[in-house]
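**Q** pasting the sequence and the predicted model now:
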Amino acid sequence: MDALSERTKLGLLSFLLLLMVGILALTAVNTIQAVRSFQQQNSALEAGDVSTVDAWMTIHVISHIYHVPEDYLYRTLDIGSPGLLRHSTLNEIANRKRQPVDQVIRTVQRAILAYRKEHPHFLTPTPTLHIDKKSHSQMPGRT
């Protein structure tokens, strides 16, 4: 009877081990897919793709990411007192305006595209390169 009990224990432990390995593999696959999705969204965001505008974003965030003035977006959304809604998400703004959030998102997307047409030089901000004209030997602590 002890031999059967030991076999049962070994079988149960083997089953649990396989179950854990399966769960680990599934989790790894999901993590890899999430990382790839994040990288794609990040690439689209860096490219200025307006399809990445989402309901959780605030006007301030959208303004910063897409290089569009906040007051331009507030005017486009016909928001009279932007100070009260500065930290409100597009979802909250849609609820206040009693509009579907998808409609508000599309309005913001069109506003960004219209602003880009009017101000094409703001499309791709060029990073400034700071060059230190001092030689390394003149830096303090160096000889």
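**A** Arrived safely, thanks for sending. Numbering: from 1, shown residues only.
**Q** just checking, what packs against the helix or strand residue 25 falls within?
**A** Residue 25 belongs to helix 2-46 when assigned by DSSP states H and E. Using 3 or more Cβ pairs under 8 Å, 6 or more residues apart in numbering; DSSP states H and E as the contact criterion, no helix or strand is in contact with helix 2-46. Just so you know, the C-beta spots here come from the backbone N, C-alpha and C atoms, and that holds for glycine as well.
**Q** what's the average pLDDT for it?
**A** Mean pLDDT, helix 2-46: 90.
**Q** how about the closest residue to residue 97 other than its chain neighbours, what does it touch?
**A** Closest residue in space to residue 97, ignoring its immediate chain neighbours: residue 104 at 7.0 Å, by Cβ to Cβ, 6 or more residues apart in numbering. Residue 104 sits next to 77, 90, 93, 94, 97 when contact means Cβ atoms under 8 Å, 6 or more residues apart in numbering.
**Q** show me the domain layout of this structure.
**A** Using automatic domain parsing, the domain parsing of the chain gives 1-47, 51-122.
**Q** just those: most buried one?
**A** domain 51-122 (a mean of 15; mean count of other Cβ atoms under 10 Å).
**Q** residue 65: which element?
**A** Residue 65 is part of helix 59-66 when elements are defined by DSSP H and E.
**Q** got it, and residue 79?
**A** Short version, using DSSP H and E: residue 79 is in no helix or strand.
**Q** how about it, nearest residue that isn't a chain neighbour?
**A** That would be residue 85: by Cβ to Cβ, 6+ apart, it lies 5.9 Å from residue 79.
**Q** quick one: residues contacting the one you found.
**A** 59, 74, 79, 92, 93, 96.
**Q** which among those residues gets closest to residue 109?
**A** Within the contacts of residue 85, proximity to residue 109 (Cβ to Cβ) peaks at residue 59, which comes in at 13.2 Å.
**Q** just to revisit the earlier point, how close does the residue nearest to residue 97 get to residue 86?
**A** 16 Å (Cβ to Cβ, to the nearest Å).
**Q** secondary structure element for the residue nearest to residue 97?
**A** helix 101-118.
**Q** return the distance of that helix from the chain's centre.
**A** 18 Å (Cα atoms, centre = their mean, to the nearest Å).
**Q** what angle separates it from helix 59-66?
**A** Going by axes from the mean of the first three to the mean of the last three Cα atoms, to 10 degrees, helix 101-118 is angled at 40 degrees with respect to helix 59-66.
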